[in-house]
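Peer 1: predicted model follows, preceded by the sequence.
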Amino acid sequence: MQWGSVAEFFSMGGYGLYVWPSFGVAALCMGGEILAVWRRHAAALASHDES
Amino acid sequence: MSATGINWFKYSSPQALYPLAGRMIPWFAAVAVGLIAVGLYVGFFVAPTDVTQGDAYRIIFVHVPAAWMSMFLYVIMAIWAGIGLGLNARPSFMMAQAIAPTGAMFTFLALFTGSMWGKPTWGAWWVWDARLTSELILLFQYIGIILLRSSIDDLRRADRASAVLALVGVINVPIIYFSVRWWNTLHQGASVTITAAPTMAGSMVTAMLIMMAGFWMYSFAVTLARMRCVIVERERQPSWGKPASIPDVAEAR
């Protein structure tokens, strides 16, 4: 492992500002998609039961 | 999804697909979580710092898998659309419908992470390079297919119109893939190809391929989950006749 400290890890050799948003937005998009599909399924089942 | 090796003719009715997908989703999801966790570990703790790009290159572990998924999912969506048109098979259209938003999401991710990588390495968030432009067009294609479907009330017409659009647009996928060879692009060539040895360190390739496998499993899980939404949503369409009891069927199994 090449990281001396936690701070060094988060700074990513000075590129933290670019590396972390990339992974953060990826996590948000994928997590958001899962949430959206889950809610869509719940809504579809709910309105299916109504009809 | 054809890659799962399941005989879809046997399971081609939505009523059979719904519980089957429900049983498969937790497995795909669990494998996806495991692969992505291992991929991130190898990518951040095993793979060394790149000599020329420093640690900025680590964006590759999300950028390349997202970009590949954006193209793979488009091709798979177009194949389902083509099968739907050829066999007039409703579940095929439903698969195509279920795949489109995930493909759009990965296309956006590829563009966003590419922008995050371009700024420190090229000095620009965006350039009108052949690779970037054709990938942006892919995002517009996904959005166009989704919007076209939602703009047509008649389900059969919506299915066929969006399938035709998906099929016509598949021409852009080889253009994206070969753009780095056909034109002098700022975007670098493929890091990993089938025919040549990878141009990266072993642990870097390993991390990238594990992330790729994780994104595949994620895509299977989330598109099957959306397929279940589509099945239930269509179930209450008047053209389907009497609403069947898919949730009841699912519980009975």
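Peer 2: Sure, I can see it.
Peer 1: C-alpha from now on. contacts and neighbour counts both.
Peer 2: OK.
Peer 1: where does the prediction get shaky in chain B?
Peer 2: B:1-12, B:193-199, B:236-253 (pLDDT under 70).
Peer 1: work out for me the element the most centrally placed residue in chain B sits within.
Peer 2: Chain B has B:L73 as the residue nearest its centroid, 3.4 Å off, counting by C-alpha atoms, centre = their mean. B:L73 is part of helix B:60-87, with elements assigned from DSSP states H and E.
Peer 1: that helix and chain A in contact?
Peer 2: Yes - residues of helix B:60-87 contacting chain A under C-alpha under 8 Å from any C-alpha of the partner chain: B:V62.
Peer 1: list the helices and strands that helix packs on?
Peer 2: The contact analysis (3 or more C-alpha pairs under 8 Å, 6 or more residues apart in numbering or on different chains; DSSP states H and E) places helix B:60-87 against helix A:16-50, helix B:90-122, helix B:155-169, helix B:172-182, helix B:202-235.
Peer 1: which residue is the nearest non-sequential neighbour of B:G54?
Peer 2: A:G13 (6.7 Å; C-alpha to C-alpha, 6 or more residues apart in numbering or on different chains).
Peer 1: same question for B:I231.
Peer 2: B:P14 (6.3 Å).
Peer 1: so the one you found makes contact with B:F93?
Peer 2: No - under the criterion of C-alpha atoms under 8 Å, B:P14 makes no contact with B:F93, lying 11.4 Å away.
Peer 1: neighbour count for those two, which is higher?
Peer 2: B:F93 (27 against 20; other C-alpha atoms under 10 Å in any protein chain shown).
Peer 1: might one say that that one is in contact with B:A81?
Peer 2: Yes - contact criterion C-alpha under 8 Å: B:F93 and B:A81 qualify, at 5.6 Å.
Peer 1: list residues touching both of those two?
Peer 2: Contact criterion C-alpha atoms under 8 Å, 6 or more residues apart in numbering or on different chains; residues shared by B:F93 and B:A81: B:R160, B:A163.
Peer 1: helix, strand or coil for the residue nearest to B:G54?
Peer 2: helix (DSSP: H, G, I helix; E, B strand; the rest coil).
Peer 1: how many other residues sit next to it?
Peer 2: 13.
Peer 1: do the one 10 residues further on as well
Peer 2: Residues near A:F23, counting by other C-alpha under 10 Å, number 19.
Peer 1: check the one 4 residues further on too.
Peer 2: With neighbours defined by other C-alpha under 10 Å, the count for A:A27 comes to 14.
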